[in-house]
Structure formats: structure tokens, C-alpha cells
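based on what follows, work out the 3D shape:
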Amino acid sequence: MQYPEALDYLYSRLPVFHRIGPKALKPGLGNTLRLCAAVGNPQDQFRSIHVAGTNGKGSTSHMLAAVYAAAGYRVGLYTSPHLKSFTERIRINGQPIAEEAVARFVTDHQATIEAVEPSFFEVTVAMAFDCFAREQVDLAIIEVGLGGRLDSTNVITPLTSVITNIGYDHTDILGDTLTQIAAEKAGIIKKGVPVVVSETQPETEPVFRETAALANAPITFADRLYVVQDRGIAEGHRLVAVTHPDGSAGTYRLDLLGQYQLRNLPAVLAAIAGLQATIPVPETALQTGLETVSSSTGLKGRFQILRRFPLVIADTAHNEAGLRVLFEMIDTYPRQTLRLVLGLVADKDRASVLAVLPPEGVYYFCQAQTPRALPSDRLQAEAALAGLTGDVFPDVDSALAAALAQSTPDDLVVITGSNYIIAELTDL
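Alright, predicted model coming up:
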């Protein structure tokens, strides 16, 4: 079958989380293990770093991939969801998997897929692992899809594990306390495998320490080793001063402009330092990689500036913690009127999300073209109860067009609330 047929087959036959939500999940690792066994257990044929967390795991994964690629390694990167094309999920040194390779995998393993009856995500994981094994990558950066313990990616034994910020998201699946959520994320900790935790949080630290102790896994809390200070934005990069554990200091230029990247950077540095004896990275490659994450890995939607005058920023923040940090940064930007193009999915704790949004903003409520999307008129009604007012639009492009039509050059337009909203922007 050709690529369009293969993609249609995957979407139409298999349960897809980004379309139907939790009903698409198939708990346990059994299906993934069966799929991997059918394709020769590729998960055992490449070295990897496993990245979990609530917010920041995507940025962290891309930063790691960019740095190792800058150091001259052949680097696989598996992330989800995609924004524009399915092929974005599986990359080698920034290049998406070929459409022909996707079609070939589905064609070759159609009988196994129909026998196992996996989820869409389980198939994409097996496809990614098969690709990385075939292409003989030096290292693969594997981002967890959801949780960690039962996530399909958790069939790998990485060189190191990384756990980013823990916050409230997918509480119907992972638990409604930070302790419960942390326990699910901690499920990626493997026996004897070092783990790096990006942020020390009082509710989650005991969970990670206990899990690591039981697994005899060395644990590092990166924010206790690396002191980072924001030096602002200059020439299109965020400058971050870093004091290293040995007392040395330096400044890194990040092309990911979000101030929240300061929370992710210590884990990136700690993970790279921990593997220095195994996969060495010179300082010049570290600097180059951090300067070129977007261009070298294709990362989009992380405080991405789409235009100026008015300033338009797109960000995939989609839960309370992510949006809170986003708008803390937005508050530092001067503007005349703040205009927000907003869309949410229906299976979220929307009350907590709406509570952190700025009441002074002018809102343009829209919805993504997916069954999980919250209808824009319903979003408008719920937002009104939180003191947020605005008009309704059928999609993100029409909402953005209206915001721009009403803007002055000194206004600030923010597009956010859902990965799917950002993905449907025509000019991303």
C-alpha cells in the first residue's frame, strides 16, 4: 500500500488517542512487546535516553537530540503528537521518516497488527524502534507518550532516564494528586539505570527517591546541581547563565525562547554530563545544539513567534501548569491589548485551565477539527463563568484572522490551549 493508504489504515482501524482520548488506551506493555517481537525486537538494538514528565518533555527531548546531533552522532528522535505530518514523530538527525518507510512498515506487518489489535500509538512506537534499529542510530531520544509505567515506550532499557516537571494533566488516567502522577512517571526508572529529575518538588521528590532506591538507580535532581539565571533575549536567542556543579560558569544561547526552558535546561545538562564517558559531547557541540534546536530538529509551537507588529506567539501549553508559566512570561511583554486565540480539548480539567488565563484579554474561542475538541460555543460559555469574554470561531485560522484584523501594531496575540489548535495553524 502507498503512504496515504497506510495512514488511512492506521487512523481508521486503530484507536487513536488524539481523536478519541482515553478510550484509545490499551493498558500494559503486552501489545508493544508482541509487535516488537514480530519485527525482531528492535528496542534492544540501539542506545537510548527515555524522557517522561508532564510539561517540558518534548522540549527536553528535542534539545538532547539537537546537542547529540551537533556532536556528530546519528540521533533518532521519537515524539508525539505530531503537528503537521505523521512523519514528524520519527526523525533521524532532524529528518522525518520517509513516507515510503511508513507504508512499507504497515504493509509488511499488517497481519501482525490485525492479530495483536494494538492502539495507534503502540504501532507508531514499534515503527519508530524498527526505524532506529534499521538505520543504526548511535542514540535515540524517546519521549514518553502518556505517564510512563504503562506507556508503550517503556519497553526500552535506556542509558539514562529523564523526568521533567510534574503537574496536573490526564488526571483521569494518571491520578489526581502529584504523588500519584509522579508514581506513574517514575515507572520509567529501570534497575541500575541513572535517572535525572529536572525539578525538585516537595510532593514528588520522595516518590522518585523511593523508586530509584528500590531499583538501585542513581538519582540526580538537576536543579540542585545547576544554577540557571535568565539574561533575557538578544538577537533571537534567550541567554541563560549557568553555574555548573564544579563551580565553572558560562552562558548558553537558546533558540527556544520560552522562559520555561530554564526549568528544562538543567536536566539536559545533567543527562549529557552523566553520559560523557559513554557518549562524549564537546562544549562547542553543546552550545551549537542549544542554539539550533528548532532548525535542527523541526520543533515548533514552543513560544514560537509567527510575526511582529502585532507580535503573534504560538505555544502548545495545554494544562494549568503549562499555561500558568506561559502567561507569567507573557506578562513581561509590553503590549496595548492582549488578544488570545484559545481552543481546548473536552477531556481536560477545564476549570483549572480557565482560572489561570488573564481576565483582561480579548478572547477568540475556536476548536480543532478533532472529536476530542471542546466546541467553541461551549468554551465561550464556560469561559464566561470565569470572567473571560470573546467571540466564537469555527477554527483557529479564522479566529487568528479576526484577532489580526482588530489588532494595532502594539498589540500582542497569543495562540494556545491545545496541541491540536497549534497544529491546524496554516502559517506555522
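
only C-alpha atoms from now on, for both contacts and neighbour counts.
Noted.

mind listing the strands for the stretch 201-350 of the chain?
In the stretch 201-350 of the chain, the strands defined using DSSP state E, counting those that start in this stretch lie at 219-221, 227-234, 237-243, 249-254, 304-307, 311-314, 338-342.

ok, residues contacting the first one?
Residues external to strand 219-221 that are found in contact with it (Cα atoms under 8 Å, 6 or more residues apart in numbering): 194-200, 209, 212, 267, 270.

still on that earlier bit, for Val51, which of the strands of the stretch 201-350 of the chain is the nearest?
Val51 lies closest, by Cα to Cα, to one member of these: strand 219-221, at 14.2 Å.

give the buried residues for the closest one.
Buried residues in strand 219-221, counting neighbours by 16 or more other Cα atoms under 10 Å, are found at 219-221.

which of the contacts of strand 219-221 fall within helices?
The members of the contacts of strand 219-221 that map onto helices under DSSP state H are 209, 212, 267, 270.

out of these, who's the most crowded?
Within the ones in helices among the contacts of strand 219-221, most neighbours by other Cα atoms under 10 Å means Ala267, with 27 neighbours.

could you list every residue that touches that one?
The contact partners of Ala267, taken as Cα under 8 Å, 6+ apart, are 60, 162, 164, 196-198, 221-223.

among the residues you listed, which ones are buried?
60, 162, 164, 196-198, 221-223.

can you put the residues you listed in a markdown table and add pLDDT and distance to His244?
Below are those laid out as a markdown table (pLDDT from 0 to 100; distance: Cα to Cα, whole Å):
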| residue | pLDDT | distance to His244 |
| --- | --- | --- |
| Thr60 | 97 | 18 |
| Val162 | 98 | 18 |
| Thr164 | 95 | 19 |
| Val196 | 98 | 15 |
| Val197 | 98 | 16 |
| Ser198 | 96 | 14 |
| Phe221 | 98 | 13 |
| Ala222 | 98 | 10 |
| Asp223 | 96 | 10 |
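
wait, which of the residues you listed is closest to Thr284?
Of all the buried ones among the contacts of Ala267, Thr60 has the smallest distance to Thr284: 18.8 Å, by Cα to Cα.

re the thing from before, now the buried residues of strand 219-221 in a markdown table, with distance to Glu320?
A markdown table is the format used below for the buried residues of strand 219-221 (distance: Cα to Cα, whole Å):
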| residue | distance to Glu320 |
| --- | --- |
| Ile219 | 28 |
| Thr220 | 26 |
| Phe221 | 23 |
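
could you list the buried residues of the one helix or strand Ala128 maps to?
Element membership for Ala128 (DSSP states H and E) is helix 120-134. By neighbour count, and taking 16+ other Cα under 10 Å as the criterion, the buried residues in helix 120-134 are 120-133.

dump those residues to JSON lines, plus pLDDT and distance to Leu374.
JSON lines is the format used below for the buried residues of helix 120-134 (pLDDT from 0 to 100; distance: Cα to Cα, whole Å):
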{"residue": "Phe120", "pLDDT": "89", "distance to Leu374": "22"}
{"residue": "Phe121", "pLDDT": "91", "distance to Leu374": "22"}
{"residue": "Glu122", "pLDDT": "93", "distance to Leu374": "26"}
{"residue": "Val123", "pLDDT": "95", "distance to Leu374": "27"}
{"residue": "Thr124", "pLDDT": "95", "distance to Leu374": "26"}
{"residue": "Val125", "pLDDT": "97", "distance to Leu374": "28"}
{"residue": "Ala126", "pLDDT": "97", "distance to Leu374": "31"}
{"residue": "Met127", "pLDDT": "98", "distance to Leu374": "31"}
{"residue": "Ala128", "pLDDT": "98", "distance to Leu374": "31"}
{"residue": "Phe129", "pLDDT": "98", "distance to Leu374": "34"}
{"residue": "Asp130", "pLDDT": "98", "distance to Leu374": "36"}
{"residue": "Cys131", "pLDDT": "98", "distance to Leu374": "35"}
{"residue": "Phe132", "pLDDT": "98", "distance to Leu374": "36"}
{"residue": "Ala133", "pLDDT": "98", "distance to Leu374": "39"}
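
all set now, cheers.
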